[in-house]
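A.B. asks: Sharing a model that was predicted from the sequence below.
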Number of protein chains: 4
Amino acid sequence: MSIKQQISEFLATEFPQSPCLIDDIGPQSAVVRYQVDQRALRPGGTVSGPVLMTTADLGLYAAILGEIGIVPLAVTTNLNINFLRKPSASSDIIGVCKLIKIGRLLIIGEVSLYSEGDDRPVAHAVGTYAIPPQQN
Amino acid sequence: MSIKQQISEFLATEFPQSPCLIDDIGPQSAVVRYQVDQRALRPGGTVSGPVLMTTADLGLYAAILGEIGIVPLAVTTNLNINFLRKPSASSDIIGVCKLIKIGRLLIIGEVSLYSEGDDRPVAHAVGTYAIPPQQN
Amino acid sequence: MSIKQQISEFLATEFPQSPCLIDDIGPQSAVVRYQVDQRALRPGGTVSGPVLMTTADLGLYAAILGEIGIVPLAVTTNLNINFLRKPSASSDIIGVCKLIKIGRLLIIGEVSLYSEGDDRPVAHAVGTYAIPPQQN
Amino acid sequence: MSIKQQISEFLATEFPQSPCLIDDIGPQSAVVRYQVDQRALRPGGTVSGPVLMTTADLGLYAAILGEIGIVPLAVTTNLNINFLRKPSASSDIIGVCKLIKIGRLLIIGEVSLYSEGDDRPVAHAVGTYAIPPQQN
């Protein structure tokens, strides 16, 4: 089973209601997809902020699992997100995630979020994750 | 109809799937409640990060509506959240929101999030909202 | 020597060029003062952003030293600052700092910054500090 | 006079004590340099946090001036910085800045900060700037 499949199965167990899929796992990076449906939308036809935050958080978590192995213990300690443009209501949200520091105790990554098919980011996030010491 | 009822009705229209309730609207402040049920939980018995982010964002939005009136045009531009402690799986999340700047174009507020009945915060967030110029 | 004096001496060694003073150290809290002079100003007569960031960072560091003892090893990992109002050019900057999480590995605090004599904050910051494991 | 020279002159007036130089101005981007000397260091031989924050803020400001023209009115509203690695005490700090949203009212950019000659970032920041409406 590929690392992408392993992480997908793990996340399906950890986040059973999540509509997020792993599109790709690379070196210190991941690409994830939030399948946008009616529940992800707000009146006026745009994707809700929590959907974008969820995608950012899950994408960084996937990139971390790809880097340190599948240990269910990384914990988000900080997420900072800037909302840049109104997402399309009819496209999936794609999160392109890159780890920028892999420390023993903290891992930090950034995410650019897009409406699929449009190369202007709809949001940008930076997240910090704590790795419990016993895992090191 | 009280301002609290007006904001509750407005938010029920804007965020029809949201399980958030308004507990209180005060001067430049609001208290909101996320009704935690099975969908809000993660394996291991804790409330998910997106639930906390959603509560912070909605609570600040409610405080802004209480301050500037019910105009459906405030847009979140930034949310920074720190996760402090593991929330209880069996308590609602309470968001205590306070606006710290009310400008013509930007409104900024902070939120402390609690598991109901425990006075140690589970998370703390700061959010920025843009108010479209035509509203001023 | 009082804890306030001890921390003041320590910070004077660690940050020899800093014009910051400790006004008070309390339980999980500190009040610090940046002595504003010509070098702290920008044209137009306001205190520069870096002065506010420096005060926030140093104030949280002082609060941490008051809590865990004077160990020169806490490291800032994240600082998020919102600039709220134009500071006065003729007043010191006062930072009122409160720790909101004291973990084994991470300590998180928030700071409200004021121009002395005005109770409307000029900035608000949240900072995260890593405590090296060997110190625990 | 090139745009780089114009911005350099403007910043020398706006921030007369700043040891920052403009290395490059490009489309929606800038590269800036903080000339590290004794005053920028902390005991133990590392560059201080405020130096990194100053470089991030000034670099984004330079990129904004390159984009919208030299109007002394952009105001920092938010800066979020993650400290990733200990900078070298003997190298300049280089800030590589990229604007990720250019709106009418808000401009948002990100910065990766390096010790010159090392391609692993020492810090990463995201900043938001408000553009006064009369400038649009």
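C.D. replies: Nice, thanks for sending it over.
A.B. asks: tell me the phi and psi of the residue nearest to A:D118 when sequence neighbours are not counted?
C.D. replies: If the residues on either side of it in the chain are set aside, A:D118 comes closest to A:S88, at 6.8 Å by C-beta to C-beta, 6 or more residues apart in numbering or on different chains. In this view, the C-beta of every residue, glycine as well, is placed from N, C-alpha and C. The main-chain torsion angles of A:S88 are listed as degrees, to the nearest 10 and equal phi -70, psi 140.
A.B. asks: Against A:I68, how distant is the residue nearest to the spatial centre of chain A?
C.D. replies: For chain A, the residue nearest the mean C-alpha position is A:G59 (1.8 Å; C-alpha atoms, centre = their mean). Counting by C-beta to C-beta, to the nearest Å, the gap between A:G59 and A:I68 amounts to 15 Å.
A.B. asks: any idea of the angle the longest helix seen in chain A forms with helix B:49-68?
C.D. replies: Looking only at chain A and at elements set by DSSP state H, the helix with the highest residue count is helix A:49-68. Put simply, helix A:49-68 runs at 150 degrees to helix B:49-68, going by axes from the mean of the first three to the mean of the last three C-alpha atoms, to 10 degrees.
A.B. asks: Give me the neighbour count for A:P133.
C.D. replies: By the criterion of other C-beta atoms under 10 Å in any protein chain shown, A:P133 has 12 neighbours.
A.B. asks: how about the residues of chain A near chain B?
C.D. replies: Proximity of chain A to chain B is confined to A:13-17, A:39, A:42-44, A:48-50, A:53-54, A:57, A:72, A:75-83 under the rule C-beta under 8 Å from any C-beta of the partner chain.
A.B. asks: and if we set it to 7 Å?
C.D. replies: Contact residues, chain A versus chain B (C-beta under 7 Å from any C-beta of the partner chain): A:13-15, A:17, A:39, A:42-43, A:49-50, A:53-54, A:57, A:76-83.
A.B. asks: Narrow these to those that are buried.
C.D. replies: Using 16 or more other C-beta atoms under 10 Å in any protein chain shown as the burial test, those include A:14-15, A:42, A:49-50, A:53-54, A:57, A:76-83 as buried.
A.B. asks: Widest-spaced pair of those residues?
C.D. replies: Greatest spatial distance among those (C-beta to C-beta): A:R42 and A:T77, at 28.0 Å.
A.B. asks: show me where chain A has helices.
C.D. replies: A:3-14, A:49-68.
A.B. asks: Minimum distance to chain D: which of the ones you listed has it?
C.D. replies: Among the helices of chain A, the nearest to chain D by C-beta to the nearest C-beta is helix A:49-68 (12.6 Å).
A.B. asks: circling back to that earlier point, contacting chain C as well, which ones from the buried ones among the residues of chain A next to chain B?
C.D. replies: A:77-78, A:80.
A.B. asks: Can you tell me which of those residues end up in strands?
C.D. replies: A:77-78, A:80 (DSSP state E).
A.B. asks: For the lowest-mean-pLDDT helix or strand in chain A, name the packing helices and strands.
C.D. replies: Taking all helices and strands of chain A together, the one with the lowest average confidence (mean pLDDT, DSSP states H and E) is strand A:41-42, at a mean of 82. Judged by 3 or more C-beta pairs under 7 Å, 6 or more residues apart in numbering or on different chains; DSSP states H and E, strand A:41-42 is in contact with no other helix or strand.
A.B. asks: Which strands border that strand, and is each parallel or antiparallel?
C.D. replies: strand A:46-47 (antiparallel) (DSSP bridges).
A.B. asks: Give me the below-cutoff pLDDT ranges for chain A.
C.D. replies: With pLDDT under 70 as the threshold, chain A has low-confidence stretches at A:72, A:134-136.
A.B. asks: got the residues of it near chain D?
C.D. replies: Taking C-beta under 7 Å from any C-beta as the criterion, chain A approaches chain D at residues A:80, A:82, A:84, A:100-101, A:108, A:110, A:121, A:124, A:126, A:128.
A.B. asks: Report the buried members of those residues.
C.D. replies: Burial by neighbour count, 16+ other C-beta under 10 Å: within the residues of chain A next to chain D this picks out A:80, A:82, A:84, A:100-101, A:108, A:110, A:121, A:124, A:126, A:128.
A.B. asks: Name the nearest of those relative to chain B.
C.D. replies: Checking those against chain B with C-beta to the nearest C-beta, the nearest one is A:N80 at 4.3 Å.
A.B. asks: Identify the bridge partners of that closest one.
C.D. replies: Judged by DSSP bridges, the bridge partners of A:N80 are A:V126, B:N80.
A.B. asks: so who does it touch?
C.D. replies: In this structure, A:N80 makes contact with A:125-126, B:80, C:80, D:80, D:126, judged by C-beta atoms under 7 Å, 6 or more residues apart in numbering or on different chains.
A.B. asks: ditto for A:I81
C.D. replies: With contact taken as C-beta under 7 Å, 6+ apart, A:I81 is in contact with A:52-53, A:56, A:123, A:125, B:79.
A.B. asks: And the buried ones among the residues of chain A next to chain D, which two are furthest apart?
C.D. replies: Of all pairs drawn from those, the one with the longest distance (C-beta to C-beta) is A:L84 and A:K101, at 23.2 Å.
A.B. asks: before we move on, back to that, what packs against the longest helix of chain A?
C.D. replies: In terms of contact count using 3+ C-beta pairs under 7 Å, 6+ apart, helix A:49-68 is assigned the packing partners helix A:3-14, strand A:20-26, strand A:29-34, strand A:75-83, strand A:93-102, strand A:106-115, strand A:123-130, helix B:49-68.
A.B. asks: any idea how far the nearest residue to A:I3 once chain neighbours are set aside is from chain D?
C.D. replies: Here the nearest residue to A:I3 in space, its sequence neighbours aside, is A:I25; by C-beta to C-beta, 6+ apart that works out to 5.5 Å. When C-beta to the nearest C-beta, to the nearest Å is the yardstick, A:I25 and chain D sit 22 Å from each other.
A.B. asks: partners of A:I25 in the sheet?
C.D. replies: Beta-bridge partners for A:I25, by DSSP bridges, are A:A30.
A.B. asks: Counting neighbours, what do you get for the closest residue to A:S8 other than its chain neighbours?
C.D. replies: Spatially, and ignoring its direct neighbours in sequence, A:S8 is nearest to A:I22 (4.9 Å; C-beta to C-beta, 6+ apart). Other residues near A:I22 come to 25 when the count uses other C-beta under 10 Å.
A.B. asks: quick one: A:I22 and A:F15 touch, right?
C.D. replies: No: with contacts defined as C-beta atoms under 7 Å, A:I22 does not count as touching A:F15, sitting 11.7 Å away.
A.B. asks: Count the neighbours of the closest residue in space to A:Q6 that isn't next to it in sequence for me.
C.D. replies: Nearest residue to A:Q6 in three dimensions, chain neighbours excluded: A:I70, at 6.0 Å (C-beta to C-beta, 6+ apart). Applying other C-beta under 10 Å, we find 14 other residues in the vicinity of A:I70.
A.B. asks: again with the one 3 residues further on
C.D. replies: Around A:L73 there are 11 other residues, counting by other C-beta under 10 Å.
A.B. asks: okay, now the closest residue to A:A56 other than its chain neighbours: neighbour count?
C.D. replies: Take A:A56 and drop its neighbours on the chain: the residue closest to it by C-beta to C-beta, 6+ apart is A:A125, 3.8 Å away. Counted with other C-beta under 10 Å, the neighbours of A:A125 add up to 26.
A.B. asks: residue contacts, A:A125?
C.D. replies: For A:A125, the contacting residues are A:56, A:79-81, A:110-111, taking C-beta under 7 Å, 6+ apart as the criterion.
A.B. asks: The same query, at a cut-off of 8 Å, please.
C.D. replies: Contacts for A:A125 (C-beta atoms under 8 Å, 6 or more residues apart in numbering or on different chains) come out as A:52-53, A:56-57, A:60, A:79-82, A:110-111, A:113.
A.B. asks: ok, of those residues, which one's closest to chain C?
C.D. replies: Nearest to chain C out of the contacts of A:A125 is A:N80 (C-beta to the nearest C-beta; 6.2 Å).
A.B. asks: Hmm, A:P121 is touching A:F83, no?
C.D. replies: No: judged on C-beta atoms under 8 Å, A:P121 makes no contact with A:F83 at a distance of 9.9 Å.
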